[in-house]
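[1] just to be clear, the model below is a prediction. Sequence and coordinates:
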Amino acid sequence: MPPPRTGRGLLWLGLVLSSVCVALGSETQADSTTDGLNVLLIIVDDLRPSLGCYGDKLVRSPNIDQLASHSLLFQNAFAQQAVCAPSRVSFLTGRRPDTTRLYDFNSYWRVHAGNFSTIPQYFKENGYMTMSVGKVFHPGISSNHTDDSPYSWSFPPYHPSSEKYENTKTCRGPDGELHANLLCPVDVLDVPEGTLPDKQSTEQAIQLLEKMKTSASPFFLAVGYHKPHIPFRYPKEFQKLYPLENITLAPDPEVPDGLPPVAYNPWMDIRQREDVQALNISVPYGPIPVDFQQKIRQSYFASVSYLDTQVGRLLSTLDDLQLANSTIIAFTSDHGRQSMDLVELVSLFPTLAGLAGLQVPPRCPVPSFHVELCREGKNLLKHFRFRDLEEDPYLPGNPRELIAYSQYPRPADIPQWNSDKPSLKDIKIMGYSIRTIDYRYTVWVGFNPDEFLANFSDIHAGELYFVDSDPLQDHNMYNDSQGGDLFQLLMP
C-alpha cells in the first residue's frame, strides 16, 4: 500500500463521518425540543468510518454504534479542507476556508480574515454555559493560543496535561528502547503521568457534566479526542482485539490511473516516525511493506476501539445523570474517509442552532468578510422531520442538485517535503473539488498566497471520477473529457 494520495486521500478525505443524534423520543413535538436543550459536541481527530454503524465487520465500536442507532447518520458528509486547523475553524465558524483564509496552522481568523462568530460563541451569547475539553479548536496560532477564549467559552478550555508526550519517545520497541514511533501500543502505567490524553479528557468532561446537573443554565460542552490521529498511541490491550492474521489489506492499494502528481500525498509526517524511517521507503512513491501495512491497519482499528470506550464512558455519564433526554448529541470527525444526501460540515452551525431552538444565523452575502454572524452552510433541519421547525429554503428537492465542496493546498506540481502541510507563503496551487451523487470533479489551479486568490484560468491538472462505474475513484477520466465535452459529461 503506497502512502495515500489526494485522489483517494486528502481531497477524498473530505468525505467524513458525521452523525448527529437528538436524544429525544421520535414522537417528541418540536416545541418541546427547543426549550433549553443542552448540547454535547464530540469531535474526533482523523476518524474515518471504520465503525460497525458504517458496515465495517471487523472494527469493534459498540458505544459509537449504539449512539448511531438512535441518530441521524450521514454517510456522505464532506469536510471543507482535510487538515485539522482549517477544518475545525471552518465548521466551528460555519465558513469555508476561502472565507476564513486559513489553509495551514499559522494564522488566527479574527485578525486575518474577519471577526467571525463561532458555534460556542453563539450559544454563549444566547445564555448557554460553554465549555471546551481536549482538542476542539486546533491548539496554537490558529485559535490564538487560547482556543478562541474568551469569545467562545465561559471558562478557560481544558487540555490534558499528558498530550505533550504524544510525539515523544514513549513507544517501547522490540529492542526494549523508547522511540517516537507511528505504531505505539503502550502499557498505560508505564507512560509519563500514568495516563493518556483522551482518558484525561473523558474524566474532565465527566466532572463538568456532574457540575452541570444542577446548573440553571443549559450547557454546550465540546469534547475533542486525539485518537485515532497518528501516532497510534493507545493502551496495548486493544491491540489484542485485532490479531494480525485477521487484518486484510486495503482493497485498492495502487495509485489511480491518470492521477496527476500534484494530487499525490507523500505523507511526510508519517515518514518522520522512527519505525517508518527504519523501513527505508523511497520518497515519494515507495511502497510500504505488506507486513507493515497490516500493522498500521491493526493499530488504527485498535485506536478506534480505544476511542470508542472513551465515548462510551461519556455517554454513560449522560445517562446516569439523567441528562440524555435533554441533550442534543453531535458526533463528527474533523476529517476522515467515507462513501442519502450530500452534506457539508459547514452545516453544523445552523443545524445545531436550529435544533436548540435558537435563531438560525442568516446566509452569508458574497463576500462576507465584514459580517460577524452568518453561515455558508445549509440548515439541515428538514432531515430531522420536526414539523414545526423552520427548514432551509436553500435545500434542493432533487438529490442531483446537491453539491459539496472541498479544497486542498499544494506547494508544487510534484510531491515534495511539504506537500501534505504547506505553509501559507508556500501555497502555489489550490485544488477545488465538487462532489455530487454522480461524480467528483477536481481542478488544481494557480494560487496567490499574498492575495488569497485562485486563478481558475491557470489550470495545472484535473480529476474526474464517476461514482457508479468507478466507486473507488481509481480511474481519472479528466483528460478523456476535454475538447468541450466536459460539461455534457457532468450533466445528470
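    Great, that's in hand.
[2] quick check: domain ranges of this structure?
    Following automatic domain parsing, the chain resolves into domains at 12-397, 400-490.
[3] for burial, what's the neighbour tally of the closest residue to Ile43 other than its chain neighbours?
    What sits nearest to Ile43 in space, not counting adjacent residues and going by CB to CB, 6 or more residues apart in numbering, is Gly224, at 4.5 Å. To be clear about C-beta, it is placed using only N, CA and C from the backbone, and glycine gets the same treatment. Counted with other CB atoms under 10 Å, residues neighbouring Gly224 total 26.
[4] out of the domains of the chain, which is the most enclosed?
    domain 12-397 (a mean of 19; mean count of other CB atoms under 10 Å).
[5] same question for it, mean pLDDT?
    Averaging pLDDT along domain 12-397 yields 89.
[6] number the residues from 362 up from this point.
    Let's use 362 as the start, then, which means that last one is domain 373-758.
[7] that one: how far from the chain's middle?
    Here the centre of domain 373-758 is set off from its chain's centre by 5 Å, with CA atoms, centre = their mean, to the nearest Å.
[8] whichever strand in the chain runs longest pairs with which strands, parallel or anti?
    In the chain, with assignment by DSSP state E, the single longest strand is strand 814-827. According to DSSP bridges, strand 814-827 forms sheet pairs with strand 800-809 (antiparallel).
[9] just the CA atoms of the strand it pairs with, as PDB, please.
    Presented in PDB, the C-alpha positions along strand 800-809 are these (Å, rounded to 0.1, in the frame of the first residue of the first chain):
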ATOM      1  CA  TYR A 800     -19.200  12.300  -9.800                       C
ATOM      2  CA  ARG A 801     -16.300  14.100  -8.200                       C
ATOM      3  CA  TYR A 802     -14.600  16.800 -10.300                       C
ATOM      4  CA  THR A 803     -11.400  18.500  -9.100                       C
ATOM      5  CA  VAL A 804      -9.300  21.200 -10.700                       C
ATOM      6  CA  TRP A 805      -5.800  22.200  -9.500                       C
ATOM      7  CA  VAL A 806      -5.300  25.900 -10.200                       C
ATOM      8  CA  GLY A 807      -2.700  28.500  -9.600                       C
ATOM      9  CA  PHE A 808      -3.000  30.300  -6.200                       C
ATOM     10  CA  ASN A 809      -1.600  33.600  -4.900                       C
END
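[10] other residues contacting that strand?
    Applying CB atoms under 8 Å, 6 or more residues apart in numbering, the external contacts of strand 800-809 come out as 368, 372-373, 621, 623-624, 770-771, 788-795, 814-817, 819-828, 834, 839, 851.
[11] can you name the element that comes right after the longest helix along the chain?
    Using DSSP state H to define each element, the chain has its longest helix at helix 651-681. Using DSSP states H and E, the helix or strand that follows helix 651-681 in sequence is strand 688-694.
[12] counting contacts, what elements does that next one pack onto?
    On a contact count with 3 or more CB pairs under 8 Å, 6 or more residues apart in numbering; DSSP states H and E, strand 688-694 meets strand 376-383, strand 399-405, helix 423-430, helix 651-681, helix 709-716.
[13] partner strands of the following helix or strand past that strand and their direction?
    Note on strand 688-694: by DSSP H and E, the next helix or strand toward the C-terminus is strand 704-705. Using DSSP bridges, the strands paired with strand 704-705 are strand 433-439 (parallel).
[14] keeping just the C-alphas, turn the strand it pairs with into PDB.
    This file holds the C-alpha atoms of strand 433-439, laid out as PDB (Å, rounded to 0.1, in the frame of the first residue of the first chain):
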ATOM      1  CA  LEU A 433     -29.500  10.700  12.100                       C
ATOM      2  CA  LEU A 434     -26.400   9.200  10.500                       C
ATOM      3  CA  PHE A 435     -24.900  10.900   7.400                       C
ATOM      4  CA  GLN A 436     -23.000   8.700   5.000                       C
ATOM      5  CA  ASN A 437     -22.000  11.400   2.500                       C
ATOM      6  CA  ALA A 438     -20.700  14.300   4.700                       C
ATOM      7  CA  PHE A 439     -17.700  16.400   3.500                       C
END
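[15] now it against helix 709-716, angle please.
    Between strand 433-439 and helix 709-716, the angle comes out at 160 degrees (axes from the mean of the first three to the mean of the last three CA atoms, to 10 degrees).
[16] ok, back up a step: what average pLDDT does the longest strand of the chain get?
    pLDDT averaged over strand 814-827 gives 96.
[17] give me the distance from it to the chain's centre.
    24 Å.
[18] tabulate the helices and strands packed on strand 688-694 (CSV), appending distance to Asp781.
    CSV is the format used below for the helices and strands packed on strand 688-694 (distance: least, CB to CB, whole Å):
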stretch, distance to Asp781
strand 376-383, 17
strand 399-405, 20
helix 423-430, 27
helix 651-681, 16
helix 709-716, 25
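[19] centre of the chain to stretch 788-807, how far?
    On CA atoms, centre = their mean, the centre of stretch 788-807 falls 18 Å from that of its chain.
[20] what about that stretch, how long is it end to end?
    9 Å (CA to CA, to the nearest Å).
[21] now do stretch 708-727
    Start-to-end, stretch 708-727 (CA to CA) is 17 Å.
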